[in-house]
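A.B. asks: no sequence for this one, just the structure:
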């Protein structure tokens, strides 16, 4: 596969839709509709897997407008401040969304958020021994419930979600990677 042309077809405040024309290995031409964020730097996003000093993992029950539903996920955010490193973004987003401060961040894995739709990649960080320092300061568009789960109860929690709540399956993938690397 080879991208032969990129044509913007819509420009909004934070996203643009781009038609990417491609040529297959057999010479057939096609087009893929993609979405690009216009308000990000670096790879685009960070995800924070935070564990308190009491060995509780921090999850969010986050209401997401695109799906019009609640989603269980890790704290996360866009790298939308020019000049801010991914690590600085991770610390800021964790504090803003949950009120917890991370002194240490360990890079875990970078992964695409939705590779069939957007080129945005999230860098996942492990934040051990986080401490609650202040009430969250969330954006207008954020409706988040912070959930702390003891490490030995995570599987039970993820398998028994409320019926109106879905699970971001990246959670299980990142947890698997972290277990294999002996981080948790």
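C.D. replies: All right, it came through fine. Here the structure is a predicted model, which means the values were calculated and not measured.

A.B. asks: all contacts plus neighbour counts: C-alpha atoms, from now on.
C.D. replies: Will do.

A.B. asks: could you chop the protein up by domain?
C.D. replies: 2-37, 44-180 (automatic domain parsing).

A.B. asks: can you get me the start-to-end distance on the last one?
C.D. replies: With Cα to Cα, to the nearest Å as the measure, the ends of domain 44-180 fall 26 Å from one another.

A.B. asks: same question, stretch 70-89
C.D. replies: Stretch 70-89 has its terminal residues 24 Å apart, counting by Cα to Cα.

A.B. asks: pull the longest helix from the chain.
C.D. replies: For the chain, the helix with the greatest residue count under DSSP state H is helix 86-98.

A.B. asks: who does the helix or strand just after that one touch, helix- and strand-wise?
C.D. replies: As assigned by DSSP states H and E, the chain's next helix or strand after helix 86-98 is strand 100-101. Other elements packing on strand 100-101 under the criterion 3 or more Cα pairs under 8 Å, 6 or more residues apart in numbering; DSSP states H and E are helix 86-98, strand 121-132.

A.B. asks: between the ones you listed, which gets nearest to residue 108?
C.D. replies: Residue 108 lies closest to strand 121-132 among the helices and strands packed on strand 100-101, at 5.3 Å (Cα to Cα).

A.B. asks: packing partners for that closest one?
C.D. replies: Against strand 121-132 (3+ Cα pairs under 8 Å, 6+ apart) you get strand 44-52, strand 100-101, strand 106-112.

A.B. asks: what is the longest one packed up against?
C.D. replies: Applying 3+ Cα pairs under 8 Å, 6+ apart, one finds that strand 44-52 contacts strand 56-64, strand 76-78, helix 86-98, strand 121-132.
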